[in-house]
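S.K.: Fold the following for me, if possible:
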Amino acid sequence: MKGKATNNRMRRMSISQPRRSFLQQTAFTALALSTNRIKADTPAPSRLKLSLKYNMVNFGMSLEKSFALLKEMGFDGVELDSPGGQNKTEALAASKTTGLPIHGVVDSIHWQTRLSDPDEAVQQKALDGLLVAIRESHAVGGTSVLLVPGVADAKTNAEQVWQRSIPLIRKALPLAEELKIHILIENVWNQFLYDPQGGNAQDAKLLCDYIDEINSPLVGSYFDIGNHQKFGKPAEWIRQLGKRIIKMDMKDWGVKNGFCKIGEGDIAWPDVRTAIAEIKFSGWVTAEVKGGNPDVCKDIVARMRKYLLDQ
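M.R.: Numbering: from 1, shown residues only. Here you go, the predicted model:
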């Protein structure tokens, strides 16, 4: 953007962080709201579905046996990688056989092949990868693609991430609309939509503005509860994002332990649970922590239940 809008954005954040000069309030349609239906008083455990990234699983067994064991442990579903990653035909067969849903995929190339890259050829490859991920999510019965829209670094500032990524996401929307797949923006340490030097009291306004500018019921937040503990309060981000949140990732972070096991960081889980109830969120919450063998995964789902569902 040029002129006044760009100047306003620069005033909002240091280090050329982008900002909308006004907040477009978008009325999300029933398609986006369908994943956010619980009573306001408490997040009912039956309405929150617990999942993990399948790349965390190291069981040394077939997809079908792994899916069956994950279901036995208490996981409600899994999330795959795309492009590439797990064999989607085998995964779908395993899902049907075991009754363990695949709720979506993570764009597996978004960090290395970026929508925000200055090279238009790389941008096109990133868009092509997103389109593959949309198709493969639909093929396995999923409803979403988790996307990191870019990275601000030495060759790309945050304003450029904003300007390059949004038109490309919009190019993916016709396919997303056809297949009814959400494109969900994850908050990560990519120096975009927050100030990496700005301390631990930042809010979610830039992320809200970014999603609102795209202005589609199929584009929302894949809010990672732990990723921005270092920069703000997760419960307040949840309240501010509100109905924009379609799915959540779950991890923990602390000043002493860094990224760590759920419950061993600084996140105020009771406040998170309250915020989830206040925005009436329900649906998928996916662990994104260090995985491993069956014992490790049993501990992960137990911690998810303890810190997310226990009252």
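S.K.: What separation do you get for Ser144 and Glu64?
M.R.: 23 Å (CB to CB, to the nearest Å). (Each C-beta comes from the backbone N, C-alpha and C, glycine too.)
S.K.: More neighbours: those two, which one.
M.R.: For Ser144 versus Glu64, neighbours defined as other CB atoms under 10 Å are more numerous around Ser144 (26 against 17).
S.K.: so where do the strands sit in the stretch 51-200 of the chain?
M.R.: Under the criterion DSSP state E, counting those that start in this stretch, the stretch 51-200 of the chain carries strands at the ranges 77-82, 102-107, 144-147, 182-186.
S.K.: Now tell me which helix or strand of this structure has the poorest mean pLDDT.
M.R.: helix 30-33 (a mean of 34; mean pLDDT, DSSP states H and E).
S.K.: Would you mark the buried spots in the strand or helix carrying Asp299?
M.R.: The secondary structure element spanning Asp299 is helix 294-304 (assigned by DSSP states H and E). Of all the residues in helix 294-304, those buried under the rule 16 or more other CB atoms under 10 Å are 294, 296-298, 300-301, 303-304.
S.K.: now swap in stretch 215-230 and tell me
M.R.: With burial defined by 16+ other CB under 10 Å, the residues of stretch 215-230 counted as buried are 216-230.
S.K.: end-to-end on that stretch?
M.R.: One end of stretch 215-230 sits 28 Å from the other (CA to CA, to the nearest Å).
S.K.: How far off centre is it?
M.R.: Chain-centre distance of stretch 215-230: 5 Å, with CA atoms, centre = their mean, to the nearest Å.
S.K.: tell me the mean pLDDT over that stretch?
M.R.: Stretch 215-230 shows an average pLDDT of 97 in the prediction.
S.K.: mind starting the numbering at 43 from now?
M.R.: Yes, from this point I'll number from 43; that puts the last item at stretch 257-272.
S.K.: wouldn't Leu94 be in contact with Val120 here?
M.R.: Yes - using CB atoms under 8 Å, Leu94 and Val120 qualify as a contacting pair, with a distance of 6.3 Å.
S.K.: Quickly list what's touching both of the two.
M.R.: Leu112 (CB atoms under 8 Å, 6 or more residues apart in numbering).
S.K.: quick one on the thing from earlier: now do the helix holding Asp341: which elements does it pack against?
M.R.: Helix 336-346 makes packing contacts with strand 90-95, helix 105-115, strand 325-329 when contacts are defined by 3 or more CB pairs under 8 Å, 6 or more residues apart in numbering; DSSP states H and E.
S.K.: send the alpha carbons of stretch 207-215 over as CSV?
M.R.: Taking only C-alpha atoms (Å, rounded to 0.1, in the frame of the first residue of the first chain), the coordinates of stretch 207-215 have been written out as CSV:
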residue,chain,number,x,y,z
SER,A,207,0.7,-13.0,0.6
ILE,A,208,-2.9,-11.7,0.5
PRO,A,209,-3.4,-11.7,-3.3
LEU,A,210,-2.0,-15.2,-3.5
ILE,A,211,-4.3,-16.5,-0.8
ARG,A,212,-7.2,-14.9,-2.7
LYS,A,213,-6.1,-16.8,-5.8
ALA,A,214,-6.6,-20.1,-3.8
LEU,A,215,-10.0,-19.1,-2.6
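S.K.: tell me how far that stretch is from the chain's mean position?
M.R.: Shown here is stretch 207-215, whose average C-alpha point lies 17 Å from the average C-alpha point of the whole chain (CA atoms, centre = their mean).
S.K.: buried residues in that stretch?
M.R.: 207-208, 210-211, 214.
S.K.: Which of those fall in helices?
M.R.: Those of the buried residues of stretch 207-215 mapping onto helices are 207-208, 210-211, 214, per DSSP state H.
S.K.: Just the closest of these to Leu235, please.
M.R.: Leu235 has its nearest neighbour among those in Ser207, at 10.8 Å by CB to CB.
S.K.: That closest one is in contact with His152, isn't it?
M.R.: No - in this structure, Ser207 is not within contact of His152 by CB under 8 Å, at 9.9 Å.
S.K.: Show me where this protein dips below the pLDDT cut-off.
M.R.: With pLDDT under 70 as the threshold, the chain has low-confidence stretches at 43-88, 353.
S.K.: Distance check, the nearest residue in space to Met346 that is not next to it in sequence against Ile318.
M.R.: For Met346, the nearest residue in space outside its immediate sequence neighbours is Leu92; the separation is 5.1 Å by CB to CB, 6 or more residues apart in numbering. With distances taken as CB to CB, Leu92 is found 13 Å from Ile318.
S.K.: The two: which is more packed in?
M.R.: Using other CB under 10 Å, the more surrounded residue of Leu92 and Ile318 is Ile318, with 25 against 21.
S.K.: Please list all residues in contact with Ala243.
M.R.: Residues counted as contacts of Ala243 (CB under 8 Å, 6+ apart) are 274-275.
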